[in-house]
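A.B. asks: pasting the sequence and the predicted model now:
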Amino acid sequence: MPTVNPFAAVNPALGYLYQVRVSLFWSLQRLRHDESFQVSVEVLDDVAFESAIGDPSTFLQTKHHASRMASLTDSSTDLWKTLRVWIEGRAASQIPLSAALQLVTTGTAPASSAASKLKFVGRDVEGARAALDIVARTSSNTKNAAAYNAYEALSADQRMELLGRVFVVDAAPTITDIDEELRTVIFWAVDRSHQAAFLDRLEGWWFRRVIDQLTSAPKSRIGSVEIESEMSDLRDQFRQDSLPIDGDLLDFVLDDATASAHQDYRFVKQLEIVDAGRRRVANAIRDFYRAYEQRSRWVREDLVVALDISRYEKRLTEEWENVFEAMCDEIGDTATDVERKAAARSVLQWAERTSIPIRPGVTEPFLSRGSLHMIADEGRIGWHPDFRNILSSVLSGTGGTA
């Protein structure tokens with residue numbers, strides 16, 4: 001029978017997601033105060049902040065409840081489970097005795113409760129200790145028994161020293177409400193109309209970075225300089241003269257399913273007409289997919305409007321027309337089929353090598369390459385001198401020759 005983690009959350013998936021989002025929020029909060037730090041997301045709901053030189057300074061325990069009705073009473077399982085984690089972590093030298101210990105919960109600490117006496121404001125550590133002493137000594141709650149035993153094993157001075165480093169942050173935003181809190185700490189980085197798109201990309205990077213941190217060996221830390229760098233890069237991408245390029249599209253590798261799904265597209269037929277190689281066709285499908293997906297995201301997020309796309313495609317079409325008509329003039333009317341296909345591939349090569357940005361700050365070449373294939377898919381441009389007639393024949397099933 002597998003061993004059950006005694007600290008397992010009631011809803012682990014939601015708790016872990018909340019932990020990751022909260023760690024980003026608190027990291028951004030610290031950046032506002034010009035602090036240099038390192039952060040790591042650990043097991044058991046822990047988020048650890050360290051100084052720039054690696055000295056652990058703050059450990060956060062996050063407790064998420066979908067309902068704000070959850071109460072951090074003196075016998076609360078959330079409170080006692082957290083205290084046990086910290087007591088045992090300190091005893092095992094996993095948590096430095098000098099570290100601040102913060103319990104961040106979406107629940108509320110009732111007035112006069114031990115938890116309320118451990119908030120940042122109105123602290124009464126002695127009062128909190130007295131209340132917890134009574135609960136540990138008299139409570140019959142079996143769920144908290146191990147925590148009560150760990151607490152009672154401490155001397156009175158050790159309890160005071162521990163609780164003196166405990167800070168309760170209650171009524172924290174839930175996993176859905178935290179969006180608004182995150183927006184308040186990034187409001188200066190981007191126009192209000194683009195905050196959602198900016199935050200989506202920042203959180204996407206953060207989730208990938210946390211996964212990398214959790215799976216690395218030896219365990220790495222996420223430095224504040226990394227967060228600042230990512231924020232700076234995103235700010236640049238959201239300038240008026242730029243647009244964000246999403247990392248998942250930059251990293252996209254063409255798979256068999258995507259390649260197969262595009263085999264009957266017009267732009268692929270246009271490549272087959274001029275005898276483009278297999279790898280060349282695959283690269284075109286990859287760029288088509290990237291450009292289509294990126295442009296669709298921009299439109300959905302109101303980063304561009306239809307007029308922007310229309311003007312961009314007009315520029316691309318005009319540039320293509322210059323190259324295409326020059327090719328047609330060069331080969332004339334007497335060129336052989338082989339010569340016409342070779343000339344067509346030279347136009348295709350131009351499309352593969354050119355980079356025409358939709359805005360000055362958008363320099364990723366896949367966008368212009370893929371957009372040209374998107375226009376070719378509509379039949380408005382092509383590579384072969386007689387692409388319109390041949391493509392029409394191919395699509396109608398009557399064949400067609402070069």
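C.D. replies: Structure received.
A.B. asks: pLDDT score assigned to Pro6?
C.D. replies: Here, the pLDDT recorded for Pro6 equals 46.
A.B. asks: check Ala128 too.
C.D. replies: With respect to pLDDT, Ala128 has a value of 97.
A.B. asks: what's the following helix or strand after whichever strand or helix holds it?
C.D. replies: Assessed by DSSP states H and E, Ala128 sits inside helix 125-138. Once the chain leaves helix 125-138, the next helix or strand it forms, by DSSP H and E, is helix 145-152.
A.B. asks: report the distance from the next helix or strand after that next one to the chain centre.
C.D. replies: Proceeding N to C from helix 145-152, the next assigned helix or strand is helix 156-163, under DSSP H and E. Centroid separation for helix 156-163 versus its chain: 40 Å, with Cα atoms, centre = their mean, to the nearest Å.
A.B. asks: who are the packing partners of helix 156-163?
C.D. replies: Helices and strands touching helix 156-163, by 3 or more Cβ pairs under 8 Å, 6 or more residues apart in numbering; DSSP states H and E, are helix 77-91, helix 125-138. Any C-beta I mention is one placed from the backbone N, CA and C, and that applies to glycine too.
A.B. asks: and the average pLDDT for the first one is what?
C.D. replies: I take that to be helix 77-91. So the average pLDDT for helix 77-91 ends up being 94.
A.B. asks: and the following helix or strand past it, which residues are buried?
C.D. replies: Of the helices and strands lying after helix 77-91 in sequence (DSSP H and E), the nearest is strand 100-105. Neighbour-count burial for strand 100-105, counted by 16 or more other Cβ atoms under 10 Å, picks out 101-105.
A.B. asks: then stretch 154-174?
C.D. replies: Of all the residues in stretch 154-174, those buried under the rule 16+ other Cβ under 10 Å are 154, 159, 162-170, 172-173.
A.B. asks: now do stretch 290-305
C.D. replies: Residues of stretch 290-305 classed as buried: 290-292, 294-295, 297-298, 301, 303-304 (neighbour count, 16+ other Cβ under 10 Å).
A.B. asks: as JSON lines, these with secondary structure, distance to Met231 and pLDDT would be great.
C.D. replies: Formatted as JSON lines, the buried residues of stretch 290-305 follow (DSSP: H, G, I helix; E, B strand; the rest coil; distance: Cβ to Cβ, whole Å; pLDDT from 0 to 100):
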{"residue": "Arg290", "secondary structure": "helix", "distance to Met231": "24", "pLDDT": "98"}
{"residue": "Ala291", "secondary structure": "helix", "distance to Met231": "26", "pLDDT": "98"}
{"residue": "Tyr292", "secondary structure": "helix", "distance to Met231": "28", "pLDDT": "98"}
{"residue": "Gln294", "secondary structure": "helix", "distance to Met231": "21", "pLDDT": "98"}
{"residue": "Arg295", "secondary structure": "helix", "distance to Met231": "25", "pLDDT": "98"}
{"residue": "Arg297", "secondary structure": "helix", "distance to Met231": "20", "pLDDT": "96"}
{"residue": "Trp298", "secondary structure": "helix", "distance to Met231": "20", "pLDDT": "97"}
{"residue": "Glu301", "secondary structure": "coil", "distance to Met231": "18", "pLDDT": "94"}
{"residue": "Leu303", "secondary structure": "coil", "distance to Met231": "18", "pLDDT": "95"}
{"residue": "Val304", "secondary structure": "coil", "distance to Met231": "22", "pLDDT": "95"}
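A.B. asks: if we can go back for a sec, so what secondary structure elements neighbour the helix holding Ala128?
C.D. replies: Secondary-structure packing of helix 125-138 (3+ Cβ pairs under 8 Å, 6+ apart): helix 145-152, helix 156-163.
A.B. asks: of the ones you listed, which is nearest Ser51?
C.D. replies: For Ser51, the closest of these is helix 156-163, at 21.0 Å, according to Cβ to Cβ.
A.B. asks: what about the residue with the largest distance to the centre of the chain, distance to Val347?
C.D. replies: Outermost residue of the chain with respect to the C-alpha centroid, by Cα atoms, centre = their mean, is Thr334; its distance is 56.1 Å. Distance of Thr334 to Val347, computed by Cβ to Cβ, to the nearest Å: 19 Å.
A.B. asks: then Gln195?
C.D. replies: Distance of Gln195 to Val347, computed by Cβ to Cβ: 42 Å.
A.B. asks: pick out whichever of those two has more residues nearby.
C.D. replies: Val347 (22 against 18; other Cβ atoms under 10 Å).
A.B. asks: in contact with Met317, which residues?
C.D. replies: One thing to correct before we go on: residue 317 is Thr, not Met. When contacts are counted by Cβ atoms under 8 Å, 6 or more residues apart in numbering, Thr317 touches 375, 380-381.
A.B. asks: any idea how far Ser98 is from it?
C.D. replies: Thr317 is 66 Å from Ser98, by Cβ to Cβ.
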